[in-house]
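Trainee: I'd like to go over a predicted model; first the sequence, then the structure.
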Amino acid sequence: MTHHLDDTLLDAVCELLEVYGFDGLAEATTIVLNEAMKVERTHHLRAAPYERTAERRGYANGFKAKTIKSRLGELNLQVPKVREGDFYPAILEKGLRSERALKLALAEMYVQGVSTRKVAAITEQLQAWRERPLGAYAYVYLDARYEKVRHGGLVVDVAVLLAAGVRPD
């Protein structure tokens, strides 16, 4: 089951970028993300739309509109659904995981009896760390290897960081 980007979609992306330049980037990204999520659903189901195979793991069940905030602005996505409900695109999970982690951390602090003053202090420290200056470096080097990892029912390649270093000016 191979899946190629539909020529009309590729043409639409190219035309957006050609006509609007960087101003068309958000809409072009929306098109690409919507297509990538459909491909991911196809892999999850182990069958293309309307394809009948012995390996099929369920059935597509339309789309759900979702607006996400990104560096490019708001993206109005069409998130594919499956009838069984056990699918959610990995593209969108990244933000959900960090949000869930924050909610769990806040709940844990509440259960442990951490005062709101201490929570505020921790939050301010995290914000200061996030906005700290990184300085100037002549170069940064990373070394990684790729390992196969099972994620969401699929086996994907993931980079495992082996070493990192910087050389100041």
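Mentor: That came through fine.
Trainee: hang on, K66 packs against K81?
Mentor: No. Assessed by CB atoms under 8 Å, K66 is found out of contact with K81, at 10.8 Å. Placement of C-beta: from N, CA and C, glycine included.
Trainee: who are the packing partners of the helix or strand harbouring C14?
Mentor: Element membership for C14, per DSSP states H and E: helix 7-20. Applying 3 or more CB pairs under 8 Å, 6 or more residues apart in numbering; DSSP states H and E, one finds that helix 7-20 contacts helix 25-45.
Trainee: run the angle between the helix holding C14 and helix 25-45 for me.
Mentor: Helix 7-20 runs at 160 degrees relative to helix 25-45, counting by axes from the mean of the first three to the mean of the last three CA atoms, to 10 degrees.
Trainee: list the contacts of helix 7-20.
Mentor: Applying CB atoms under 8 Å, 6 or more residues apart in numbering, the external contacts of helix 7-20 come out as 24-25, 27-28, 31-32, 35.
Trainee: also stretch 53-62?
Mentor: So stretch 53-62 is contacted by 41, 44-47, 49, 80-84, 86-87, 153 (CB under 8 Å, 6+ apart).
Trainee: ok, now with 10 Å
Mentor: With CB atoms under 10 Å, 6 or more residues apart in numbering as the test, stretch 53-62 has contacts from 1, 38, 41-50, 78-87, 153.
Trainee: hang on, the earlier thing: of the contacts of helix 7-20, buried ones?
Mentor: 24-25, 27-28, 35 (16 or more other CB atoms under 10 Å).
Trainee: which of those residues sits closest to G165?
Mentor: The shortest gap between G165 and any of those belongs to L25, at 32.8 Å (CB to CB).
Trainee: quick one: buried residues of the helix or strand containing T67?
Mentor: Assigned by DSSP H and E, T67 belongs to strand 60-70. For strand 60-70, the neighbour count (16+ other CB under 10 Å) marks A60 as buried.
Trainee: please consider this matter closed, and thank you.
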